[in-house]
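Peer 1: Quick check, what structure comes out for this input:
(one chain, ligands or ions: 1)
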Amino acid sequence: MSEYLLQAKQISMVYGQQTVLQAVDLTIRAGEIVTLIGPNGAGKTTLVKAVLGLIEPSLGQIIRQPGLRIGYMPQRLHVDPSLPITVGRFLRLAHPSKAAIKEALAEVGTSHLLNNPLQSISGGELQRVLLARALLRDPQLLVLDEPVQGVDIAGQTELYQLIETLRERHQCGVLMVSHDLHLVMAQTDTVICLNQHVCCHGHPEHVSTDPAYLALFGEKYSQALAVYHHDHDHEHDIHGDVIPDESGNSPNHDHSQCGHNHHHGSHQHSNKHNEQKQDEQKGGQGHA
Ligand SMILES: Nc1ncnc2c1ncn2[C@@H]1O[C@H](COP(=O)(O)OP(=O)(O)OP(=O)(O)O)[C@@H](O)[C@H]1O
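Peer 2: Numbers count the residues shown, from 1 in each chain. Presented below is the predicted three-dimensional model:
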């Protein structure tokens, strides 16, 4: 594993009488996607702000690689309707080079928005423009606070895939806040489940079965994760049907759990199964 970009050690944050973060540890390495999940008010944004250096933790230490370049995508951007500004001009506030702005917009698939008023673009387009703005810093670390907010379900999957592509292309680390572990799971290396303190952490498959995670999010949410990770004892043909094993028997296969979006194995997936997966994903919404 490569050297860390950033390490937070025993971070605590107290506002008045309220302890918002308690002895939180966090390490992010180059090329690694770390996802913070936790209920509302768990301290996710507070931890992100501490990582960015926007707030000073009450206790603990944050060690950043010297000269670390961070690209930040905030949770919300309030666009004042009385201050009309084009997407291009908005990005010029972050970077002087028109060529760099065009390149960043192209990377996130929004070249066509360059001269559009920022106020007129959709929620999903705005998220991509904010991602382009983060890329303009040529980041070694991308920090994304709920990047798919205001984006429809199909757009959410695309946006998470784009984040994965950017990670690979730039070899940057990514720290991301999300409420949708079942959607980000395929793109995440490490999950940190936060509720003031770190309840559990590790590989998404491990976290999704951790009692602390289940206590916070419930069994139902965990079952949605099984869409992505379930054991296969069979192969599919190009039509998506289960191929009988050597003895001629069809292995016992519960398709209600099968989204066929695997990290492991080399299955052929039919459109039939992809449609089923999308249905299952829609069905998995709303548990966060
Ligand atoms: N500047 C502040 N002063 C006082 N309390 C604060 C401040 N910032 C955050 N808090 C409190 O800290 C707690 C954690 O807030 P935070 O925004 O970090 O949670 P979160 O996990 O990001 O929540 P959400 O999922 O709703 O965005 C909340 O109870 C919030 O009210």
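
Peer 1: So in this structure, where's the weakest helix or strand by average pLDDT?
Peer 2: Using mean pLDDT, DSSP states H and E, the weakest-scoring helix or strand in the chain turns out to be helix 271-284, at a mean of 37.

Peer 1: measure Leu114 to the ligand for me?
Peer 2: Distance check for Leu114 against the ligand: by C-beta to the nearest ligand atom, to the nearest Å, it reads 31 Å. For glycine as for every other residue, the C-beta is placed from the backbone atoms N, C-alpha and C.

Peer 1: what about the stretch 51-200 of the chain, any weak spots by pLDDT?
Peer 2: Judged against pLDDT under 70, the stretch 51-200 of the chain has no low-scoring part.

Peer 1: again, only this time at 90
Peer 2: Along the stretch 51-200 of the chain, segments meeting pLDDT under 90 span 74-84, 122-124, 149-157, 178-187.

Peer 1: Which helix runs longest in this protein?
Peer 2: Identified as the longest helix of the chain according to DSSP state H is helix 153-170.

Peer 1: can you confirm Val24 is in a strand?
Peer 2: Yes: according to DSSP: H, G, I helix; E, B strand; the rest coil, Val24 belongs to a strand.

Peer 1: Please report how far Asp80 lies from the ligand.
Peer 2: From Asp80 to the ligand the distance is 22 Å (C-beta to the nearest ligand atom).

Peer 1: element containing that residue, please.
Peer 2: Following DSSP states H and E, one finds Asp80 outside all helices and strands.

Peer 1: circling back: please compute how far the longest helix of the chain lies from its chain's middle.
Peer 2: From the chain centre to the centre of helix 153-170 is a distance of 8 Å (C-alpha atoms, centre = their mean, to the nearest Å).

Peer 1: tell me what it is packed against?
Peer 2: strand 33-37, helix 123-135, strand 141-145, strand 173-177, helix 181-184, helix 271-284 (3 or more C-beta pairs under 8 Å, 6 or more residues apart in numbering; DSSP states H and E).

Peer 1: tell me which residues in that helix are buried?
Peer 2: Residues of helix 153-170 classed as buried: 155-160, 162-164, 166-167, 170 (neighbour count, 16 or more other C-beta atoms under 10 Å).

Peer 1: what does stretch 84-92 give?
Peer 2: Within stretch 84-92, the residues that count as buried by 16+ other C-beta under 10 Å are 86-88, 90-92.

Peer 1: Looking at these, which is nearest the ligand?
Peer 2: Proximity of the buried residues of stretch 84-92 to the ligand (C-beta to the nearest ligand atom) peaks at Phe90, which lies at 23.9 Å.

Peer 1: In three-state terms, label the closest one for me.
Peer 2: Phe90 ends up helix, using three-state DSSP.

Peer 1: Lys9 versus the closest residue to it other than its chain neighbours, what's the distance?
Peer 2: Leaving aside its sequence neighbours, Phe90 sits nearest to Leu118 (C-beta to C-beta, 6 or more residues apart in numbering; 5.1 Å). Counting by C-beta to C-beta, to the nearest Å, the gap from Leu118 to Lys9 is 39 Å.

Peer 1: Am I right that Tyr72 is in a helix?
Peer 2: No: counting by three-state DSSP, Tyr72 falls outside a helix, being strand.

Peer 1: what bridges to it?
Peer 2: Under the criterion DSSP bridges, Tyr72 forms beta bridges with Val143.

Peer 1: so how many other residues sit close to it?
Peer 2: For Tyr72, the neighbour count with other C-beta atoms under 10 Å is 20.

Peer 1: I'd like the distance from it to Arg133, if you could.
Peer 2: Using C-beta to C-beta, Tyr72 is found at 9 Å from Arg133.
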